[in-house]
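Engineer: Next comes the sequence, and after it the predicted model I'd like to discuss.
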Amino acid sequence: MTDTRINSLVTYGLFLAWAVHDAEELARGPRWVRENVPALRERFPAVPERVWKAVESVDEREFAAAVGVMAVIVGAAAVSGARSGGRSAFYQGAVNGFGLHGLVHLAQAAAARDVTPGAATSPLVVIPFSLWARGRLRRAGVLRPSGPASVAAGLAVAAGATVLAHAVGRTVSARF
């Protein structure tokens, strides 16, 4: 039997899970980068210098502003999910992108051979929430099919939101 009800924990839970995850990133991110990029440069010499410079150029204010922009994006996705009973493509894309984002954090931690910012909450919050929310959407009969195209779209949305957030964050940081 299909349960057609989607409660607010499924929809607004996205924002809650994201907030827990990004609190970890905010607390650890910029400092971890400053302390670890020199060793990562040596370990990964094939990475272009412009990439390392871009990573190092993000300061605490820019990062905090970017987190604020992401809060608006994720919050809007959660509201869209709540208003649509979980049917919103924006909401479901955000859930998928969030879960994939958690997998990226685990890959980064494996590559760095360290607990990178976001890696602690990814297996404890990000991935479990995403799988749980998708399961609830599936049971309610509203989960959109996920194939390679939707995975690519989820990653693109997550990456695009991150780029936008940092661009806005950089602008805000420069003004204050």
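Structural biologist: Perfect, I can see it now.

Engineer: how about low-confidence regions in the protein?
Structural biologist: 1-4, 150-151, 153-155, 157-158, 169, 172-174, 176 (pLDDT under 70).

Engineer: Helices along that one, start to end?
Structural biologist: Applying DSSP state H to the chain gives helices spanning 8-43, 49-56, 60-83, 89-112, 121, 127-139, 148-175.

Engineer: Could you check how far residue 43 is from residue 71?
Structural biologist: Per Cβ to Cβ, to the nearest Å, residue 43 is found 33 Å from residue 71. Just so you know, the C-beta spots here come from the backbone N, C-alpha and C atoms, and that holds for glycine as well.

Engineer: Comparing these two, which residue is more hemmed in?
Structural biologist: residue 71 (15 against 12; other Cβ atoms under 10 Å).

Engineer: Spell out which residues sit in contact with that one, please.
Structural biologist: 15, 18-19, 22 (Cβ atoms under 8 Å, 6 or more residues apart in numbering).

Engineer: ranking those residues by neighbours, who comes first?
Structural biologist: Neighbour-wise, those (other Cβ under 10 Å) top out at residue 18, 25 neighbours.

Engineer: ok, for it, nearest residue in space, not its chain neighbours?
Structural biologist: residue 74 (4.5 Å; Cβ to Cβ, 6 or more residues apart in numbering).

Engineer: doesn't residue 17 make contact with that neighbour?
Structural biologist: No. Using Cβ atoms under 8 Å, residue 74 is not in contact with residue 17, being 9.2 Å away.

Engineer: Need the overlap of contacts for the two.
Structural biologist: residue 98.

Engineer: related to what we said a few turns ago, which among the contacts of residue 71 gets closest to residue 136?
Structural biologist: residue 15 (15.6 Å; Cβ to Cβ).
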